[in-house]
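>>> sequence-free structure coming up:
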């Protein structure tokens with residue numbers, strides 16, 4: 001699940017830059033943090049995967065769709081060369097969504113879509129979006145592929161001075177948050193069932209950074225002296241029950257949720273002693289450091305540069321224009337350079 005163009009986006013962009021410059025991190029956050037239903041755990045277990053100095057996977061032959069701030073196309077392996085794709089010039093009916101990197105490639109139908117990957121249904125047959133700002137009484141849309149039929153839904157009036165935003169499409173339906181009409185973080189969580197238009201509120205007060213593995217993830221408990229910003233505690237809300245639980249707690253670092261692996265395990269962007277790290281949360285209070293291969297730095301992720309998992313491993317874009325691949329055997333290895341600014345994987349490599 002990704003964020004909209006709100007204070008939260010500004011915060012993550014600033015974080016990416018600050019991590020590279022060893023500067024202090026600042027973010028606008030909701031006034032209160034989620035209450036958790038379990039006691040504070042002790043220092044969580046974190047392990048590092050030993051990575052040998054192995055080269056990139058031999059014989060990897062595929063093309064991966066990528067999106068930049070101004071273009072979209074394909075990176076071909078071997079070689080890691082980039083080529084723009086004119087078929088990626090797609091947009092929503094009322095023009096661009098206004099969100100960064102908001103395109104993706106749907107392999108099931110061989111089409112570029114004008115929404116981020118999180119807004120595509122798991123079977124690849126539908127995608128969702130919301131009008132920003134709302135222009136009619138049915139601001140949420142679900143598009144069927146390949147027919148292109150557009151089904152509009154009215155979830156009801158959003159909270160005052162805000163608009164609906166489609167943030168994730170799962171098997172059970174489309175998850176919605178509300179975007180303030182002015183500066184501010186997204187808030188609440190609702191589930192829209194496209195089969196009948198029913199809407200169920202799951203949470204009305206918190207701001208969630210990502211959805212995966214049957215849960216919504218957020219961070220809280222900023223460390224003393226760091227001001228409002230990323231948290232030192234990862235919390236998970238069960239999407240079926242709405243119960244919020246503490247999932248991972250540290251006293252020495254802060255982190256944000258950058259995405260998830262193919263099994264739904266969250267991946268955290270961490271600043272430890274002003275050095276970036278990526279943590280894979282493999283279970284409650286258990287984390288693994290995703291080490292880098294020699295010559296590769298930790299990718300700078302954000303709330304709209306999410307990793308993509310396929311049969312090759314986990315693909316990472318970053319804010320410096322590189323595409324990297326993680327496997328347990330080699331760690332994170334830079335595979336291609338696509339410009340010098342934001343780039344994200346828009347699908348798997350095939």
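Received the coordinates, thanks. Bear in mind that the values here come from a model prediction, so they are computed numbers and not experimental data.

>>> neighbours around residue 198, how many?
Counted with other CB atoms under 10 Å, residues neighbouring residue 198 total 12. (C-beta placed from N, C-alpha, C; glycine too.)

>>> residues in contact with it?
For residue 198, the residues meeting the contact criterion (CB atoms under 8 Å, 6 or more residues apart in numbering) are residue 192.

>>> what do you get for residue 255?
By CB under 8 Å, 6+ apart, the residues touching residue 255 are 219, 230-232, 234, 268-271, 279.

>>> equivalent analysis for residue 310, please.
262, 348-350.

>>> average pLDDT across stretch 272-281?
The pLDDT scores in stretch 272-281 average 88.

>>> run the chain-centre distance for it.
17 Å (CA atoms, centre = their mean, to the nearest Å).

>>> ditto for stretch 110-123
Here the centre of stretch 110-123 is set off from its chain's centre by 14 Å, with CA atoms, centre = their mean.

>>> rewinding a little: what about the contacts of residue 255, which one has the most neighbours?
Within the contacts of residue 255, residue 234 tops the neighbour count with 28 neighbours, counted by other CB under 10 Å.

>>> and the helix or strand containing that residue, which strands flank it?
Using DSSP states H and E, residue 234 sits in strand 233-238. Here strand 233-238 is paired, per DSSP bridges, with strand 215-220 (antiparallel), strand 244-249 (antiparallel).

>>> for those strands, give me a markdown table that also has distance to residue 301.
Below are the strands paired with strand 233-238 laid out as a markdown table (distance: least, CB to CB, whole Å):
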| stretch | distance to residue 301 |
| --- | --- |
| strand 215-220 | 14 |
| strand 244-249 | 17 |
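
>>> what's the most buried one of those?
strand 215-220 (a mean of 24; mean count of other CB atoms under 10 Å).

>>> can you tell me the average pLDDT over it?
Here strand 215-220 scores 96 as its mean pLDDT.

>>> now tell me what touches that strand from outside.
Residues outside strand 215-220 that contact it (CB under 8 Å, 6+ apart): 1, 33-34, 36, 175, 189, 202-203, 206-211, 230-239, 247, 254-257, 264, 266.

>>> what does stretch 128-146 give?
Outside of stretch 128-146, the residues within contact range by CB under 8 Å, 6+ apart are 4, 92, 94, 97-98, 106, 108-109, 111, 114-115, 119, 121, 124-127, 149-155, 163-166, 169, 174, 176, 179, 181, 192, 194.

>>> can you give me the end-to-end distance of that stretch?
Taking CA to CA, to the nearest Å, stretch 128-146 runs 14 Å from one end to the other.

>>> identify each buried residue in that stretch, please.
By 16 or more other CB atoms under 10 Å, the buried positions in stretch 128-146 come out as 128-132, 134, 139-143, 145.

>>> same question for stretch 145-163.
Buried residues in stretch 145-163, counting neighbours by 16+ other CB under 10 Å, are found at 145, 153, 155, 158, 162-163.

>>> for residue 82, state which of those residues is nearest.
Sorting the buried residues of stretch 145-163 by how near they are to residue 82, with CB to CB, puts residue 145 at the top with 26.1 Å.

>>> got a pLDDT number for that closest one?
Value for residue 145, per-residue pLDDT: 95.

>>> relative to residue 105, how far out is it?
Distance, residue 145 to residue 105, by CB to CB, to the nearest Å: 12 Å.

>>> need the overlap of contacts for the two.
Common contacts of residue 145 and residue 105 (CB under 8 Å, 6+ apart): residue 111.

>>> low-confidence regions, the stretch 251-350 of the chain specifically.
The model of the stretch 251-350 of the chain has no residue with pLDDT under 70.

>>> and the helices in it?
Taking DSSP state H, counting those that start in this stretch as the criterion, the stretch 251-350 of the chain carries no helices.
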